[in-house]
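Enquirer: Mind looking at a prediction? Sequence and model below.
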Amino acid sequence: MIKSMMCEAKEIGERLGVTFPVDADRRINGATEVGDHKTSSLQDLEAGKAIELDALLGVVCELGELTGVKTPTCDVVYSFGVPKGLVGRKLPVSPAL
């Protein structure tokens, strides 16, 4: 799923003239090598703070519409966080995720 989201965002960037020197697989592999680390979004979620869903993912969906790039994976993931009460509420997070 992560790779699909990255590829959708990459296609949008390419439509806008951006070049990417590192591919999605290499970025994903690099992220796994970071070790025991929590992203700031996960830290916010665990602390019961709102995550920056619009800035991080909503914008990808919007730019997809503007550039004519389909973003089905990003759209579905974004839709999970849109309902009121989901974002900004402390949710149980499983380490297995």
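Expert: Right, received. Where do you want to start? Numbering: from 1, shown residues only.
Enquirer: use CA for all of it now, contacts and neighbours both
Expert: Fine.
Enquirer: The residue nearest to residue 74 when sequence neighbours are not counted: how many residues sit nearby?
Expert: Excluding the flanking residues, the one nearest residue 74 by C-alpha to C-alpha, 6 or more residues apart in numbering is residue 5, at 5.5 Å. Neighbourhood size, residue 5 [other C-alpha atoms under 10 Å]: 18.
Enquirer: Tell me the secondary structure at residue 5.
Expert: Classification of residue 5 using DSSP: H, G, I helix; E, B strand; the rest coil returns helix.
Enquirer: Now do the contacts for it.
Expert: Each residue near residue 5 by C-alpha atoms under 8 Å, 6 or more residues apart in numbering is listed here: 71, 73-74.
Enquirer: measure stretch 62-80 end to end?
Expert: Chord length of stretch 62-80, first to last residue, is 16 Å (C-alpha to C-alpha, to the nearest Å).
Enquirer: ditto for stretch 50-65
Expert: 25 Å.
Enquirer: chain center to it, what's the gap?
Expert: Put simply, stretch 50-65 sits 8 Å off its chain's centre (C-alpha atoms, centre = their mean, to the nearest Å).
Enquirer: contacting residues around it?
Expert: 9, 12, 41, 44-45, 69-71, 74-75, 78, 81, 87-89.
Enquirer: Among these, name the ones in helices.
Expert: The helices, defined by DSSP state H, take in 9, 12, 41, 44-45, 74-75, 78, 81 from the contacts of stretch 50-65.
Enquirer: Turn those residues into a markdown table, columns for distance to residue 30 and neighbour count.
Expert: Output for the ones in helices among the contacts of stretch 50-65, formatted as a markdown table (distance: C-alpha to C-alpha, whole Å; neighbours: other C-alpha atoms under 10 Å):
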| residue | distance to residue 30 | neighbour count |
| --- | --- | --- |
| 9 | 18 | 22 |
| 12 | 22 | 23 |
| 41 | 18 | 15 |
| 44 | 23 | 17 |
| 45 | 23 | 21 |
| 74 | 21 | 22 |
| 75 | 25 | 17 |
| 78 | 24 | 19 |
| 81 | 26 | 17 |
